[in-house]
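Novice: A structural model of the following input is requested.
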Amino acid sequence: MLFKGASPRIGFHCSVAIEKMLSVGRHYSRADENATGNGYGHADELGPGAVPLSAAGDCRSFILVRSAALQKRYFPIALFTVVLAMVAVAGYVLPVPREAVPRRVLLDNAGGPVVLQHAEHAFQQKIPCEKCHHESPVRRENVQRCESCHGAAFDAAFRKNHVAAFNDNASCATCHHYELAAKKWGHKKHQEEYGVDCRECHHKNTEIEAEPQNCADCHDSGAPTGKKAEEGTPPNLADAVHARCVTCHEEMFAAKAKGCAQCHSQTAVRDILPKEGLVKLNPMFTSCAVCHDLPAEKLIPGRMDAYHKQCMGCHEKLRKGPYGKEQCAQCHTSK
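Specialist: Residues are numbered from 1 along each chain as shown. Model (predicted):
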């Protein structure tokens, strides 16, 4: 047996040495090697089955060198195998990252699913993100899903759960865009310059109010409801004051939200958003009806109307794509 990479002499002696040592099991000391003088000795001097000692030494050196060479050769292979195994395990364990811009979006609805070619609209048609995701006036990384604002039904469940659907404060400020505060409306000015009698605003019935006093002494604070209070219960402060003011300032109330600024200071919620944490909206102004005199479902379109207005409106404006009522099947697939 000749070891690959060794000289014939070393390979031969190494083969013989291994075979003899395995069969005889003898060990030779350095003293034995010195006794022979040349390190090889004669068979009759060392006995039957003897192995030249220098050959055994060469064999040990050869095995060590050969072992190191094998380690050097197979270590990169072993390391590469371990890395592949770790990558494979990570592929199963780690979550798959979502595409920053999805290619297609499935819109499931009662009229039949719609497959929106999202990437085509974004890249080929070059439609800005904020054109459709209009919860922010500027482009944002984390856009809001349409159904976060446009529910299938603007019912009590949607009102309760919609807050958890938003990913940041900027979205909240899109609908809850202003908060109001009372201005100094000019009590003295009304009395002295306009000549308004105190009882025009305060109760004329002295049994209710013997002497004019602060309205808040009897009327609790609260957002205006525009509804008549229950019998025997005084209206809240906002409703009570508005009921008096409207008798002279009908044009302000007819202007609805625009008329509010004449008596109230307006603060844009987007201007007071904190850098961290959630914005604390004033509960008095979270209802749309406070300023708009209309419920939210009359101001914010439902999911179907929002999709139709956004998609069909753009198609009709560009004269591209389906937008007529007879073209429903071009977007809606059969169930």
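
Novice: in the protein, which spans are strands?
Specialist: Secondary structure of the chain (DSSP state E): strands located at 105-107, 114-116, 178-182, 264-268.

Novice: Stretch 209-223: which residues count as buried?
Specialist: For stretch 209-223, a neighbour-count test (16 or more other CB atoms under 10 Å) marks 215, 219, 223 as buried. Placement of C-beta: from N, CA and C, glycine included.

Novice: now the residues you listed as TSV including distance to residue 92?
Specialist: TSV is the format used below for the buried residues of stretch 209-223 (distance: CB to CB, whole Å):
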residue	distance to residue 92
215	68
219	65
223	53
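
Novice: any chance of the strands of the chain in CSV, plus mean pLDDT and mean neighbour count?
Specialist: Listed next are the strands of the chain as CSV, based on pLDDT from 0 to 100; neighbours: other CB atoms under 10 Å:
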stretch, mean pLDDT, mean neighbour count
strand 105-107, 87, 14
strand 114-116, 90, 15
strand 178-182, 86, 16
strand 264-268, 88, 14
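
Novice: Nearest to residue 77 among the ones you listed would be which one?
Specialist: Ranking the strands of the chain by proximity to residue 77 (CB to CB) places strand 105-107 first, at 45.3 Å.

Novice: can you tell which of the strands of the chain is closest to residue 312?
Specialist: Going by CB to CB, the one of the strands of the chain nearest residue 312 is strand 114-116, 11.8 Å.

Novice: Show me what the closest one is packed against.
Specialist: strand 105-107 (3 or more CB pairs under 8 Å, 6 or more residues apart in numbering; DSSP states H and E).

Novice: Residue 111 reaches residue 333, doesn't it?
Specialist: No. Counting by CB atoms under 8 Å, residue 111 stays clear of residue 333, with 9.8 Å between them.

Novice: So which of the two has more stuff around it?
Specialist: Applying other CB atoms under 10 Å to residue 111 and residue 333 shows that residue 111 carries more neighbours, namely 16 against 12.

Novice: quick one: contacts for that one?
Specialist: 304, 328, 332 (CB atoms under 8 Å, 6 or more residues apart in numbering).

Novice: Next, count neighbours for residue 146.
Specialist: 17.

Novice: gap between residue 130 and residue 136?
Specialist: Between residue 130 and residue 136 the distance is 6 Å, computed by CB to CB, to the nearest Å.

Novice: okay, the two: which has more neighbours?
Specialist: Neighbour comparison, residue 130 and residue 136: the larger count goes to residue 136, with 18 against 14 (by other CB under 10 Å).

Novice: ok, the residue lying closest to the more buried one once chain neighbours are set aside to residue 258 distance?
Specialist: The shortest distance from residue 136 to any non-neighbouring residue, by CB to CB, 6 or more residues apart in numbering, is to residue 170 (5.2 Å). Note on residue 170: its distance to residue 258, by CB to CB, is 24 Å.

Novice: Then residue 268?
Specialist: Residue 268 is 15 Å from residue 258, by CB to CB.

Novice: got any ranges where the chain has weak pLDDT?
Specialist: 1-66, 69-71, 94-100, 167, 335 (pLDDT under 70).

Novice: try 80
Specialist: 1-76, 90-101, 136-142, 164-170, 183-184, 226, 275-279, 293, 334-335 (pLDDT under 80).

Novice: Can you give the domain ranges for it?
Specialist: Domain assignment for the chain by automatic domain parsing gives 8-93, 105-178+267-330, 181-260.

Novice: who touches the nearest residue to residue 272 once chain neighbours are set aside in this structure?
Specialist: Nearest non-adjacent residue to residue 272, counting by CB to CB, 6+ apart: residue 279, 7.1 Å away. When contacts are counted by CB under 8 Å, 6+ apart, residue 279 touches 169, 172, 173, 269, 272, 273.

Novice: Can you report how many residues lie near the fourth one?
Specialist: Which is residue 269. 20.

Novice: does it really touch residue 281, like I thought?
Specialist: Yes. Using CB under 8 Å, residue 269 is in contact with residue 281, at 7.1 Å.
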